[in-house]
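Undergrad: curious how this folds, go ahead:
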Amino acid sequence: MTLRPVNEIQHPHRPRAIGYLRTDLSPYETHDTEAIRRLARQQHHTLVYIVRLGPDSVPDAIGHVLDIVRATDTATLIIPDLAHLENHPGRVCDTCDLMTVCPGQLWMKVGTNPHDAPHEPVWLPEVWHSEPDTRLRIAAAHRIMQTHLTCNPLDCPRKAAAFALLVETGKLVPAGRSHRERVVSRGLAYPPVGRTTFNTSLAMLQRLHTGLTQAQP
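TA: Okay, the predicted model is just below:
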């Protein structure tokens, strides 16, 4: 008898998904794990398993994950961001669909739609990272900062709005140096930055800039 996830028994027609985390690129592993689970639920997928690998766990980490995808007849691979694939989604798209948590995008399997350009993402139909429709309350802004801990405000308008509000109200004082600068100054390695897509609106970017400028000593 083959065991199946409980939600697959309840929803047998949903497509399967596998999550993938590289432990060296996921300093907030618990947060990223929950984000993968949440995205699978939002996109009506059955999450079969989350693969966790270190940088030297296997000779070919992506190949290893794709072997699991094929063995489990999985339709979609879910990752926190493209850095987990060294910013190259093409290899995965030859095998299955690919979804990223931040930014929330979908790369469809090659050949799924012959009219689409290969390896071009589309935005996922959800509002997890979208700019709030109304001005946030301070408590909501704090909650967004916690749940979007690993998001880049340039890619995540929701975090940008929360960050700007907390700076404007004096609830958050930006660090004089970025986390990357602090890590590098200590001689430690820092995960490479994926390509920034600048999804935050110009008005929100200007609001961020104003708040950061006013916060300078």
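Undergrad: quick one: the strands in the protein, in order.
TA: Taking DSSP state E, the strands of the chain run over residues 16-22, 46-53, 76-79, 97-100, 105-107, 122-123.
Undergrad: Val184 is nearest to which of those?
TA: Across the strands of the chain, Val184 has its closest neighbour in strand 16-22 (20.0 Å, CB to CB). Bear in mind the C-beta positions are built from the backbone N, C-alpha and C, glycine included.
Undergrad: CA-only coordinates of that closest one in PDB, if you can.
TA: Output of strand 16-22 as PDB, limited to C-alpha atoms (Å, rounded to 0.1, in the frame of the first residue of the first chain):
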ATOM      1  CA  ARG A  16       1.500  17.400  -6.700                       C
ATOM      2  CA  ALA A  17       4.300  19.700  -5.500                       C
ATOM      3  CA  ILE A  18       7.700  19.200  -4.100                       C
ATOM      4  CA  GLY A  19       9.500  21.900  -2.000                       C
ATOM      5  CA  TYR A  20      13.200  22.500  -2.100                       C
ATOM      6  CA  LEU A  21      15.400  24.300   0.400                       C
ATOM      7  CA  ARG A  22      19.200  24.700   0.300                       C
END
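Undergrad: with distance to Thr33, mean neighbour count and mean pLDDT added, can I get the strands of the chain in JSON lines?
TA: Output for those, formatted as JSON lines (distance: least, CB to CB, whole Å; neighbours: other CB atoms under 10 Å; pLDDT from 0 to 100):
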{"stretch": "strand 16-22", "distance to Thr33": "7", "mean neighbour count": "24", "mean pLDDT": "96"}
{"stretch": "strand 46-53", "distance to Thr33": "6", "mean neighbour count": "18", "mean pLDDT": "94"}
{"stretch": "strand 76-79", "distance to Thr33": "11", "mean neighbour count": "26", "mean pLDDT": "96"}
{"stretch": "strand 97-100", "distance to Thr33": "15", "mean neighbour count": "22", "mean pLDDT": "94"}
{"stretch": "strand 105-107", "distance to Thr33": "19", "mean neighbour count": "20", "mean pLDDT": "87"}
{"stretch": "strand 122-123", "distance to Thr33": "23", "mean neighbour count": "11", "mean pLDDT": "70"}
